[in-house]
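Enquirer: structure, please.
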Amino acid sequence: MNEKTEMKSPETDPAREARTTGYALRPPMNVFEDAMGITLEADMPGVSKDRLRLQVDQDSLLVEGDIQLTMPDGMEALYADLRETHYRRSFALSRELDSEHVEASLKDGVLRLRIPKRAEVQPRKIEVRVD
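Expert: Numbering: from 1, shown residues only. From the prediction side, this is the model:
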């Protein structure tokens, strides 16, 4: 292979190609757990809400998103550090988690997911009566 980087033609859809060939970026993620559930934070710069897909299926979570790279009119990229434009990450979820009540938000390229624990495994306060 020579040092010259071959660019894809604008007619191809790199996000579609990434999904069909299996190549994808793994977004860095932080996972925090507390008594009430878990919070996942994923760095996904360049992904907008309409290009983000979240899927919970029984005990698995799938996070996918496509980066939208726009070039100014009349300009062409000769080199790009970023070769893939599709993010993909999947997780196995504990049965303690309530996958029916997942909350998601996207701000400044950071996806934040909150998955609560099922009510029966959350800590509960026991009231003590005085007789």
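Enquirer: which non-adjacent residue is nearest Ser99?
Expert: Val56 (4.5 Å; C-beta to C-beta, 6 or more residues apart in numbering). Where C-beta positions appear, they are placed from N, C-alpha and C, glycine not excepted.
Enquirer: so which bits of the longest strand seen in the chain are buried?
Expert: As assigned by DSSP state E, the longest strand anywhere in the chain is strand 47-57. The neighbour-count check on strand 47-57 (16 or more other C-beta atoms under 10 Å) flags Val47, Arg51, Leu52, Val56 as buried.
Enquirer: what number of residues lie near Ser60?
Expert: Neighbourhood size, Ser60 [other C-beta atoms under 10 Å]: 12.
Enquirer: state the pLDDT value of the closest residue to it other than its chain neighbours.
Expert: Leaving aside its sequence neighbours, Ser60 sits nearest to Ala92 (C-beta to C-beta, 6+ apart; 5.8 Å). With respect to pLDDT, Ala92 scores 93.
Enquirer: ditto for Asp34
Expert: pLDDT for Asp34: 92.
Enquirer: re earlier: the residue nearest to Ser60 touches Asp59, doesn't it?
Expert: Yes: Ala92 lies in contact with Asp59 (C-beta atoms under 8 Å); the separation is 6.1 Å.
Enquirer: please identify which of the two sits among more neighbours.
Expert: Shown here are Ala92 and Asp59; by other C-beta under 10 Å, Asp59 has more neighbours (12 against 7).
Enquirer: what sits against the more buried one?
Expert: Counting by C-beta atoms under 8 Å, 6 or more residues apart in numbering, Asp59 makes contact with Ala92, Leu93, Ser94, Arg95, Ser99.
Enquirer: for the longest strand of the chain, packing partners?
Expert: Counting contacts by 3 or more C-beta pairs under 8 Å, 6 or more residues apart in numbering; DSSP states H and E, strand 47-57 packs against strand 60-67, strand 103-107, strand 110-116.
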